[in-house]
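Chemist: no sequence for this one, just the structure:
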């Protein structure tokens, strides 16, 4: 019973992925040259941002391993963790 449900879910998921692939392929083929250039530029930028976040995360993990400290800020956006005391003025850039 449960195996049938898992197989059905897997089949639906595969069909949905194939449908999305086809839709995306058709959309890309119908793009103008300008749209395609913007699309590729956005993909390159997103790739670079993912690589930077992964590197920052990797370095942060190494530092935590060395110092034995966990993250204290709860920052989930991948940016640096900044803390400011009462006597510290935060400067916006």
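Modeler: Right, received. Where do you want to start? Since the model is a prediction, treat every value here as computed from it, not as a measurement.
Chemist: what are the ranges of the helices in the chain?
Modeler: Ranges of helices within the chain are 2-29, 33-67, based on DSSP state H.
Chemist: As TSV, those helices with mean neighbour count would be great.
Modeler: C-betas here are computed from N, CA, C, even on glycine. Output for the helices of the chain, formatted as TSV (neighbours: other Cβ atoms under 10 Å):
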stretch	mean neighbour count
helix 2-29	10
helix 33-67	11
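Chemist: mind giving me TSV with those and columns for mean pLDDT?
Modeler: Below are these laid out as TSV (pLDDT from 0 to 100):
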stretch	mean pLDDT
helix 2-29	94
helix 33-67	94
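Chemist: Check the spacing between residue 68 and residue 48 real quick.
Modeler: From residue 68 across to residue 48, the span is 32 Å (Cβ to Cβ, to the nearest Å).
Chemist: One more: residue 25?
Modeler: Residue 25 is 24 Å from residue 48, by Cβ to Cβ.
Chemist: Please read off the pLDDT at residue 32 from the model.
Modeler: On the pLDDT scale, residue 32 is placed at 95.
Chemist: May I have the phi/psi pair for it?
Modeler: phi -70, psi 170 (degrees, to the nearest 10).
Chemist: let's number from 494 now, not from 1
Modeler: Fine by me, first position is 494 from now on; the one you just mentioned is residue 525.
Chemist: Next one: it from residue 534, what distance?
Modeler: Taking Cβ to Cβ, one finds residue 525 at 14 Å from residue 534.
Chemist: just residue 520 next, same as before
Modeler: Distance of residue 520 to residue 534, given as Cβ to Cβ: 17 Å.
Chemist: Then residue 511?
Modeler: To residue 534, residue 511 is 27 Å away according to Cβ to Cβ.
Chemist: Just give the number of residues close to residue 561.
Modeler: Residue crowding around residue 561 was assessed by other Cβ atoms under 10 Å; the count is 6.
Chemist: ok, now residue 524?
Modeler: Neighbour tally, residue 524, other Cβ under 10 Å: 13.
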